[in-house]
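*Asks:* could you work out the structure for the sequence below:
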Amino acid sequence: MRVALVINTSWNIWNFRASLVRALQAAGHEVLAIAPPDDYSARLETELGCRFVPILMENKGTNPVKDAALTRRFYQIYKRERPDVVLHYTIKPNIYGSIAARIAGIPSINNVSGLGTVFIIKNFVSKVALGLYRFAFRFPAKVFFQNGDDRQLFLDNGLVKREITDLLPGSGVDTQRFKPAAEFTRQQPFVFLMVARVLYEKGVVEYFEAAKIIRQAVPGTRIQLLGGLDEAGGVGVPRATFEEWLKSGDIEYLGRSDDVAAHLHRADCVVLPSYREGTPKTLLEAAAVGKPLVTTNVPGCRETVVDGRNGFLCQVRSGEDLAAKMLQVLRLNDADLRGMGLNSRYLAETKFDEQLVLNKYLAAVAAVQRK
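*Replies:* Got it, this is the predicted structure:
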């Protein structure tokens, strides 16, 4: 079969779907990668063996004229490339790609990897998004959700039929690639790490607030942030604002990196104060390398933490509570800190191993093939 993966960035395919690409190829399928071109597009062809098909797509905004044009572009590509099944990810492919696939007579499988700003902020745009989901999700053969809260929200709002839905443990994590260090080491001074794009909805403001509190309580503590700036659509922190925040010296900004694992290994605890997620890949990777986690008690994030066993859950949008939970981790003795890390690893192996995700996708593709 010819299987098309359709996502809003090539970077996303490279970072989050490479294992799925390899699994599909190993099962004898040809894989097309359809996404806007970026620095990772060529690597999809040279290193993953996909055929890359570029598409123009604005990830933010809900301009109806532009969205109609995007649906047409999806349709033209699907008619030209004739995939046997299309796997959609992220909001615009899920909505407009599903409509285009239906018109082109091609079955689709969707993945709701997070609800995005339109579900966090209740306004006219969110009402439009609900209507678009309700229409577009009449068409897929299967819709995967990454946590039960998101699935229930779609069911409660009548956006999807229960019988076509299923749950995945996020994107899963490669527990062979992401492994704990051979020996436990506590960094001196203690190191916290947040891995996320610099977006308000990721809890960046609260992370800066918590950093100030922690460094006043325990001077010298290192508090790091790894992730790119994203000023598009008004959801990212503007560069000038972010650079002004950094002047306080409370946070070390590490920029972007293709080797997240190396940074995870050099941290004592990984933090994500997000407002809502699908299931955050960075926390799964941190768990797999055996790190305690601090994250918010919200859908998607809370699935990664058994409170008090492999980390702590904090209140959303509260820098003060985030700081309190981070300080609880910092003040653990070595044995308890190591124990929390081991519990994270156990959770990664038993609940979030990516093979669980790959098996469900291979089965869904095979089911479409039988029809």
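*Asks:* how near is residue 296 to residue 345?
*Replies:* Summarising the geometry, the distance separating residue 296 from residue 345, computed by C-beta to C-beta, to the nearest Å, is 22 Å. In this view, the C-beta of every residue, glycine as well, is placed from N, C-alpha and C.
*Asks:* so for stretch 142-159, mean pLDDT?
*Replies:* Averaging pLDDT along stretch 142-159 gives 93.
*Asks:* what residues does it touch?
*Replies:* Applying C-beta atoms under 8 Å, 6 or more residues apart in numbering, the set of residues contacting stretch 142-159 from outside is 109-115, 119, 130, 133-134, 137, 160, 162, 164-171, 277-279, 299-300, 303, 360, 364, 367-368.
*Asks:* where does the stretch 201-350 of the chain have low pLDDT?
*Replies:* For the stretch 201-350 of the chain, residues meeting the criterion pLDDT under 70 lie at 232-233.
*Asks:* what ranges does it have for its strands?
*Replies:* Secondary structure of the stretch 201-350 of the chain by DSSP state E, counting those that start in this stretch: the strands cover 222-226, 252-253, 269-272, 293-296, 311-314.
*Asks:* now render those strands as a markdown table, adding distance to residue 19 and mean neighbour count.
*Replies:* As requested, the strands of the stretch 201-350 of the chain are arranged in a markdown table below (distance: least, C-beta to C-beta, whole Å; neighbours: other C-beta atoms under 10 Å):
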| stretch | distance to residue 19 | mean neighbour count |
| --- | --- | --- |
| strand 222-226 | 21 | 20 |
| strand 252-253 | 29 | 14 |
| strand 269-272 | 21 | 28 |
| strand 293-296 | 22 | 28 |
| strand 311-314 | 25 | 26 |
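*Asks:* out of these, nearest to residue 71?
*Replies:* Of all the strands of the stretch 201-350 of the chain, strand 269-272 sits nearest to residue 71, with 33.5 Å by C-beta to C-beta.
*Asks:* before we move on, back to that, okay, the strands of the stretch 201-350 of the chain in CSV with distance to residue 205 next?
*Replies:* Below are the strands of the stretch 201-350 of the chain laid out as CSV (distance: least, C-beta to C-beta, whole Å):
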stretch, distance to residue 205
strand 222-226, 12
strand 252-253, 15
strand 269-272, 13
strand 293-296, 13
strand 311-314, 14
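*Asks:* what's the closest of those strands to residue 21?
*Replies:* Comparing those by their distance to residue 21 (C-beta to C-beta), the top pick is strand 222-226, with 24.4 Å.
*Asks:* and that closest one, which strands flank it?
*Replies:* Each strand that pairs with strand 222-226, with its direction, by DSSP bridges: strand 191-195 (parallel), strand 252-253 (parallel).
*Asks:* just the CA coordinates for the longest one, please, in CSV.
*Replies:* What follows is strand 191-195, C-alpha atoms only, in CSV (Å, rounded to 0.1, in the frame of the first residue of the first chain):
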residue,chain,number,x,y,z
VAL,A,191,19.4,21.0,37.2
PHE,A,192,15.8,21.5,36.1
LEU,A,193,14.9,21.3,32.4
MET,A,194,11.9,22.3,30.4
VAL,A,195,11.7,21.1,26.8
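*Asks:* buried ones in that strand?
*Replies:* Residues of strand 191-195 classed as buried by neighbour count (16 or more other C-beta atoms under 10 Å): 191, 192, 193, 194, 195.
*Asks:* residue 31 versus the second one, what's the distance?
*Replies:* In this case it means residue 192. When C-beta to C-beta is applied, the distance between residue 192 and residue 31 equals 38 Å.
*Asks:* do the same with the third one
*Replies:* Taking C-beta to C-beta as the measure, residue 193 falls 33 Å from residue 31.
*Asks:* give me the subset of the contacts of stretch 142-159 lying in strands.
*Replies:* When those are checked against strands (DSSP state E), the matches are 109, 110, 111, 112, 165, 166, 167.
*Asks:* residue 86 should be in a strand, yeah?
*Replies:* Yes - under DSSP: H, G, I helix; E, B strand; the rest coil, residue 86 sits within a strand.
*Asks:* quick thing: my sequence starts at 4, can you match it?
*Replies:* Will do, 4 is the new start, and the previous item becomes residue 89.
*Asks:* who's in contact with it?
*Replies:* Contacts for residue 89 (C-beta under 8 Å, 6+ apart) come out as 6, 7, 9, 81, 100, 104, 109, 110, 111, 112.
*Asks:* can we see that at 6 Å?
*Replies:* Going by C-beta atoms under 6 Å, 6 or more residues apart in numbering, residue 89 touches 7, 9, 104, 109, 111.
*Asks:* same check, this time on residue 280
*Replies:* 117, 303, 304.
*Asks:* measure the closest residue to the second one other than its chain neighbours to residue 258 for me?
*Replies:* Excluding the flanking residues, the one nearest residue 303 by C-beta to C-beta, 6 or more residues apart in numbering is residue 280, at 3.2 Å. As for residue 280, its distance to residue 258 is 22 Å (criterion: C-beta to C-beta).
*Asks:* do the same with residue 43
*Replies:* Counting by C-beta to C-beta, the gap from residue 43 to residue 258 is 16 Å.
*Asks:* more neighbours, these two?
*Replies:* residue 43 (20 against 9; other C-beta atoms under 10 Å).
*Asks:* ok, the more buried one touching residue 16?
*Replies:* No - with contact defined as C-beta atoms under 6 Å, residue 43 and residue 16 do not form a contacting pair (7.4 Å).
*Asks:* what stretches of the stretch 4-153 of the chain score poorly on pLDDT?
*Replies:* 63-65, 67, 119-125.
*Asks:* now residue 177: how far from residue 263?
*Replies:* In this structure, residue 177 and residue 263 are separated by 12 Å, where distance is defined by C-beta to C-beta.
*Asks:* meant to ask about residue 233
*Replies:* In this structure, residue 233 lies at 17 Å from residue 263, with C-beta to C-beta as the measure.
*Asks:* more neighbours: those two, which one.
*Replies:* residue 263 (20 against 15).
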